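**Q** my questions concern the predicted model and sequence given below.
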Amino acid sequence: MEQKNRKEVIRRTVPIRLGLPKGRMEAEVRRLLADAGIDLRTGIRGYRAQLNLEGFEAKILKPQNIVEMLQAGSRDIGFAGADWVRELDADLIELVDTGLDPVRIVAAAPAALLSDGRLPDRPLIVASEYPSMAAAWIEERGLSARFVRSYGATEVFPPDDADCIVDNTATGSTLRANALVVVDELMSSSTRLFANARALDDHERRRSIDSFVMLLGSVLEARRRVTIEMNVTADRLEAVVSALPAMRQPTVSPLYGNGAFAVKAAVPREEIARVIPRIKSCGGTDVLVTKPSQIVP
């Protein structure tokens, strides 16, 4: 029995291995963690990180490597783009879509090459950092095409070294700067937290991962909302409350001595410009809008 208990303790002290992205995604993920109260400290070489979360250890890797290591089971959870999960055909569980670093994976070609917005019916050369997605797209569209693997700066391949590219784009400005026109969209992607399914099988580890997900979610929810507070007389209370798109019900507290109330609610950020005039017309006064740092439903 003593030997069994010792093995149980050892098993439960194995840290949850987190993959943190290096490169374009890194700054936004670090800010998300910091806003969730998760302190991230890196060593001298900057690839191994310590978190102020008991039972977690982290390594900073390229997103493609995070996907591969999650698939292999050497990482338990990690941040990566949905595009690389699809490209590498990884069987992972998506835990959180942070919405950070949104991009589209598109096929693009020089405008001069197109006829009525379509690629010409002839053999083509397609360049991409996404060989699997590009090959699937070529087959789906029934194109006669030869694939060329790019290792960055894919947009500079046309027209000399390729007719068409499959690449990611955030705003389209790089494509426009290289006189490229989008001819097809393969998928939308963003930074997401993924897990190896086996990491969720153990109850204790699953509970720690769920808590991590909750912390991230609380920040993401707070970023989508603002807190609005106001005062209102008793006879106008119902009108003001009905004008608020609160998460559930607004908080209503009596003000000292004068029969009025303080009303507080978390409102979707994009609605605040419509909500404030509506509140004022319903009798709300002393309106205060603040940004919450975290919201846990």
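**A** That came through fine.

**Q** and the longest helix anywhere in the chain, how far out from the chain middle?
**A** For the chain, the longest helix by residue count, based on DSSP state H, is helix 203-223. Put simply, helix 203-223 sits 14 Å off its chain's centre (Cα atoms, centre = their mean, to the nearest Å).

**Q** report the buried residues of that helix.
**A** 205, 208-209, 212, 215-223 (16 or more other Cβ atoms under 10 Å). Where C-beta positions appear, they are placed from N, C-alpha and C, glycine not excepted.

**Q** go on, stretch 166-184?
**A** Quick answer for stretch 166-184 (16+ other Cβ under 10 Å): 166-169, 174-175, 178, 180-181, 183-184.

**Q** stretch 117-125 too?
**A** Quick answer for stretch 117-125 (16+ other Cβ under 10 Å): 119, 124-125.

**Q** how many residues are close by Ser253?
**A** Neighbour count of Ser253, defined by other Cβ atoms under 10 Å: 8.

**Q** typed the wrong thing, it's Thr42
**A** As a burial measure, Thr42 scores 14 neighbours (other Cβ under 10 Å).

**Q** tell me who's in contact with it.
**A** The neighbours of Thr42, taking Cβ atoms under 8 Å, 6 or more residues apart in numbering as the test, are 48-50, 60.

**Q** list just the nearest of the buried residues of stretch 166-184 to Arg30.
**A** Minimum distance to Arg30 across the buried residues of stretch 166-184 is 21.0 Å, recorded for Asn168 (Cβ to Cβ).

**Q** can you pull up the most central residue in this protein?
**A** Centroid-nearest residue in the chain: Thr98, 2.3 Å away (criterion: Cα atoms, centre = their mean).

**Q** I'd say it and Thr191 touch.
**A** Yes. Counting by Cβ atoms under 8 Å, Thr98 does reach Thr191; the two are 5.0 Å apart.

**Q** intersection of neighbour lists for the two?
**A** Listed as contacting both Thr98 and Thr191 by Cβ under 8 Å, 6+ apart are 28-29, 79.

**Q** rewinding a little: among the buried residues of stretch 117-125, name the ones in strands.
**A** Those of those mapping onto strands are 124-125, per DSSP state E.

**Q** quick one: the residue nearest to the centre of the chain from Ser293, how far?
**A** 16 Å (Cβ to Cβ, to the nearest Å).

**Q** related to what we said a few turns ago, nearest to Glu229, of the buried residues of stretch 117-125?
**A** Among these, and counting by Cβ to Cβ, the member closest to Glu229 is Leu119, at 56.2 Å.

**Q** list the contacts of that closest one.
**A** Applying Cβ under 8 Å, 6+ apart, we find Leu119 in contact with 109, 113, 143, 163-164, 183.

**Q** next, Arg192: secondary structure please.
**A** Per DSSP: H, G, I helix; E, B strand; the rest coil, the secondary structure class of Arg192 is strand.

**Q** quick one: pLDDT of the residue nearest to it when sequence neighbours are not counted?
**A** Counting by Cβ to Cβ, 6 or more residues apart in numbering, Arg192 lies nearest to Asp97, which is 4.9 Å off, once chain neighbours are set aside. In this model, Asp97 is scored at 97, pLDDT.

**Q** how about His203?
**A** pLDDT, the model's per-residue confidence, is 88 for His203.

**Q** show me what contacts it?
**A** Under the criterion of Cβ under 8 Å, 6+ apart, His203 has no contact partners.

**Q** how much space between it and Gly23?
**A** Distance, His203 to Gly23, using Cβ to Cβ: 35 Å.

**Q** hang on, the earlier thing: the following helix or strand past the longest helix of the chain pairs with which strands?
**A** For helix 203-223, the following helix or strand on the C-terminal side (DSSP states H and E) is strand 225-233. Taking DSSP bridges as the criterion, strand 225-233 sits next to strand 260-268 (antiparallel), strand 285-290 (antiparallel) in its sheet.

**Q** go ahead and name everything in contact with stretch 25-36.
**A** With Cβ under 8 Å, 6+ apart as the test, stretch 25-36 has contacts from 20-21, 40, 51, 60, 63, 79-81, 98, 100-101, 191, 215-216, 218-220, 222, 293-294.

**Q** Ile276 and Thr285 touch, don't they?
**A** No. The criterion here is Cβ under 8 Å, and Ile276 misses it with Thr285 at 11.8 Å.
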